[in-house]
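K.L.:
next come a sequence and a model predicted from it.
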Amino acid sequence: MNTYLTAETIRGLREQRGLTQRALAERVGVTDKAVSKWESGRGLPDISLVESLAEALGISVAELLTGDVRENANRAGNMTRMRFYVCPICGNVVTALGEGSFSCCGSTLLPQEAEEPDEAHAIAVESVEDDWHISIDHPMAKDHFISFIAYVTTGGIELHKLYPEQPAEARIRRGQSGQIYAYCNRHGLFRIPTPKRERRGAPGVLPHYGRVESR
């Protein structure tokens, strides 16, 4: 019977990342003897340790359990696999770490393909204290508006749902590098990288019609 995790998978991933058994053990919170047992097939990590083990090896839990590690995917991992599904009828937004099958209001939802913003959808990012103020100079009419602004990092997603007659803006706590998304109900999904960390008082620059200012 197949086990949920193999000794070869653990050993191979550890060696690929240049970790000793002791270094991996310290990251997971176990002894190096425990790691040695895992890699020799004399034992397996408790299921409660799988998430910590995956994090220590820099991969997702699914990759660890299947052994199917996408080495060519940007190690932003879950960030690069983030998909947005938007209902064309009610505007409901579904997010997923990869493609899936979703429906809403009787319609099958398709994943939105993110593009670089054009001039009509330029995403401005202003550094305000410990936050990013994200805004788009865009109509917010009932039939043409920005539906949401999202900030996606390896650690998660912060999504701000917007509605007609509201400003097309959001204030988000500045954190890890990642991606900023904006969705136009007519023209689709746009994306820019977050600003690089800047020296205090020095403005940074965003490509792809994005801009960042310091206050």
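P.N.:
Noted; the coordinates are in hand.
K.L.:
any stretches of the protein with poor pLDDT?
P.N.:
Applying pLDDT under 70 to the chain flags the ranges 1-4, 67-80, 196-215.
K.L.:
for it, longest strand please?
P.N.:
Identified as the longest strand of the chain according to DSSP state E is strand 146-153.
K.L.:
could you chop this structure up by domain?
P.N.:
Using automatic domain parsing, the domain parsing of the chain gives 7-72, 114-214.
K.L.:
ok so Trp38 is a helix residue?
P.N.:
Yes: the assignment for Trp38 is a helix, going by DSSP: H, G, I helix; E, B strand; the rest coil.
K.L.:
the closest residue to it other than its chain neighbours and Arg191, how far apart?
P.N.:
In space, and not counting its chain neighbours, Trp38 is closest to Ile10: 5.1 Å by Cβ to Cβ, 6 or more residues apart in numbering. Using the backbone N, CA and C atoms, a C-beta is placed for each residue, glycine as well. According to Cβ to Cβ, to the nearest Å, Ile10 stands 35 Å off from Arg191.
K.L.:
wasn't the residue nearest to Trp38 part of a helix?
P.N.:
Yes: under three-state DSSP, Ile10 sits within a helix.
K.L.:
residue contacts, it?
P.N.:
Applying Cβ atoms under 8 Å, 6 or more residues apart in numbering to Ile10 gives the contacts Val35, Trp38, Glu39, Pro45, Leu53.
K.L.:
still on that earlier bit, need the domains of the chain in a markdown table (columns: distance to Gly106).
P.N.:
Below are the domains of the chain laid out as a markdown table (distance: least, Cβ to Cβ, whole Å):
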| stretch | distance to Gly106 |
| --- | --- |
| domain 7-72 | 30 |
| domain 114-214 | 19 |
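K.L.:
identify whichever of those domains lies nearest to Phe84.
P.N.:
Of all the domains of the chain, domain 114-214 sits nearest to Phe84, with 6.0 Å by Cβ to Cβ.
K.L.:
tell me the SS of the residue of the chain most remote from its centre?
P.N.:
Most distant from the centre of the chain: Arg42, at 35.9 Å, with distances by Cα atoms, centre = their mean. Here Arg42 takes the coil state, with states given by three-state DSSP.
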